[in-house]
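Engineer: Kindly generate the corresponding structure for this input.
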Amino acid sequence: MLDQDVCVLHRRLVAIPSLSHQESDAASLMEAHLKEAGLTVSRANNNVVAEWGEGEPVLLLNSHLDVVPASSDHPFPPFVPTISDGKVFGRGTVDAKASVASMATAVCRLAAAGYRPKGKIVVAFTACEETGGENNGLEQIINQLPKPSAALIGEPTHMQPCVAQKGLLILRLDAHGKSAHAARAEEGLNAISIMVRDLGRLENFSLDRIHPYLGKTTISVTVVNGGSARNMIPDSCTAFLDIRSTPVYDHDEIAALIQKELESTVHIHSKRFVSVDTLPTESIVHACLQGSTGSSTFGSPTMSDWIHVKGVPTVKIGPGDSRLSHTANEHIDIRELIDSCATYERIIQAYFELNHG
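Structural biologist: Down below sits the predicted model:
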């Protein structure tokens, strides 16, 4: 029966179409589930928080309740959890309801077994992670929680400990020219030509510092807009850069370095999604390595709510394959889901033992 509790909870969660801003039913399910286990539970909008134990250190377990909309070609109804070939298919099966169900089950089992952490466990299942905006649940409540000493962020990693995560910097480039009739092109200054030169410079530009887990910062041109009429020399052209950063560069530093290379004016469009990492010497990393047998640390190109606990030793870890997130074929292996609960239990116990050895 212990193997089945996580499977039942997982399927109940997947059956709820908890799109961003629509997590109320999923939050209610988790609120009731955690209360039934005897944990101290509170709720702020669609964010559910449970606490177990007292004092320090404080270990935060977080994952998100919201999912992205269904794809057009799911092999089964996206919000009807369907078992096929030992796997559960459906939207959110991996991202991130497997982590929610597994984290909750691990903590509830420990509580039922009489385990008392040598400190406090805080479990936060939060809203609006997928939107990436100001409504992010963890960002809204983090200052209301006991200050975490360490954190586990539940995202699909096949239960391998992720100790570094890339950030996102979006820059807007504005090239300024002078308009003229195309028949008298010499009287104008073509902003598109300026932008073409700048994009060529970017092809040969490199941020050379290497992060041990994340490698190099990457720069991609994703949008270019210029010109308003076929017979007019354009006086403006705009481009956007998608920059996947690593902790070895600050976002303002990246913008300044790029500005030095270009004729266009560089504006920071968004810099809030910073890159993060955790030193391999931190006890939460050791606990994850002890708990997830045969695992090794790695770095991830995908973002998560880790950014909202920047400065706290954190590991991103959860069941499932990240490559299946947001896809029509999203699914999780049932055996992996079941095994992940025991892994979380071992990590929790190892963390508190390491800090009170």
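
Engineer: Pretty sure residue 265 sits against residue 171.
Structural biologist: No. Residue 265 lies out of contact with residue 171 (CB atoms under 8 Å); the separation is 10.4 Å. Every C-beta, even on glycine, is put in place using the N, C-alpha and C of the backbone.

Engineer: more crowded one of those two?
Structural biologist: residue 171 (23 against 11; other CB atoms under 10 Å).

Engineer: list the contacts for the residue lying closest to the more buried one once chain neighbours are set aside?
Structural biologist: If the residues on either side of it in the chain are set aside, residue 171 comes closest to residue 241, at 4.3 Å by CB to CB, 6 or more residues apart in numbering. Under the criterion of CB atoms under 8 Å, 6 or more residues apart in numbering, the neighbours of residue 241 are 169, 170, 171, 172, 173, 202, 219, 220, 221, 222, 258.

Engineer: for residue 241, helix, strand, or coil?
Structural biologist: strand (DSSP: H, G, I helix; E, B strand; the rest coil).

Engineer: Could you count how many residues lie near residue 342?
Structural biologist: Other residues near residue 342 come to 18 when the count uses other CB under 10 Å.

Engineer: what's the pLDDT at residue 1?
Structural biologist: Per-residue confidence for residue 1 comes out at a pLDDT of 40.

Engineer: returning to what we had before: sort out for me which of the contacts of residue 241 are in strands.
Structural biologist: Residues from the contacts of residue 241 lying in strands, with DSSP state E as the criterion: 169, 170, 171, 172, 173, 219, 220, 221, 222.

Engineer: So the third one is in contact with residue 251, correct?
Structural biologist: No. Applying CB under 8 Å as the test, residue 171 and residue 251 come out as separate, 9.3 Å apart.

Engineer: Check the contact lists of the two and give me the overlap.
Structural biologist: residue 268.

Engineer: name the element residue 99 belongs to?
Structural biologist: Taking DSSP states H and E as the definition, one finds residue 99 inside helix 97-112.

Engineer: which parts of that helix are buried?
Structural biologist: Buried residues in helix 97-112, counted by 16 or more other CB atoms under 10 Å: 97-111.

Engineer: Show me what secondary structure element comes after the lowest-mean-pLDDT helix or strand in the chain.
Structural biologist: Across the helices and strands of the chain, mean confidence by mean pLDDT, DSSP states H and E is lowest for helix 2-14: a mean of 86. Of the helices and strands lying after helix 2-14 in sequence (DSSP H and E), the nearest is helix 24-36.

Engineer: Give the rounded mean pLDDT of that next one.
Structural biologist: 97.

Engineer: hmm, who's touching that helix?
Structural biologist: Here helix 24-36 makes contact (CB under 8 Å, 6+ apart) with 9, 12-13, 16, 18, 41, 43, 46-48, 50, 65, 100, 104, 107-108, 123, 125, 127.

Engineer: repeat for stretch 67-75
Structural biologist: Residues from elsewhere that reach stretch 67-75, judged by CB under 8 Å, 6+ apart: 17-20, 78-79, 84, 89-92, 95, 97, 130, 326-330.
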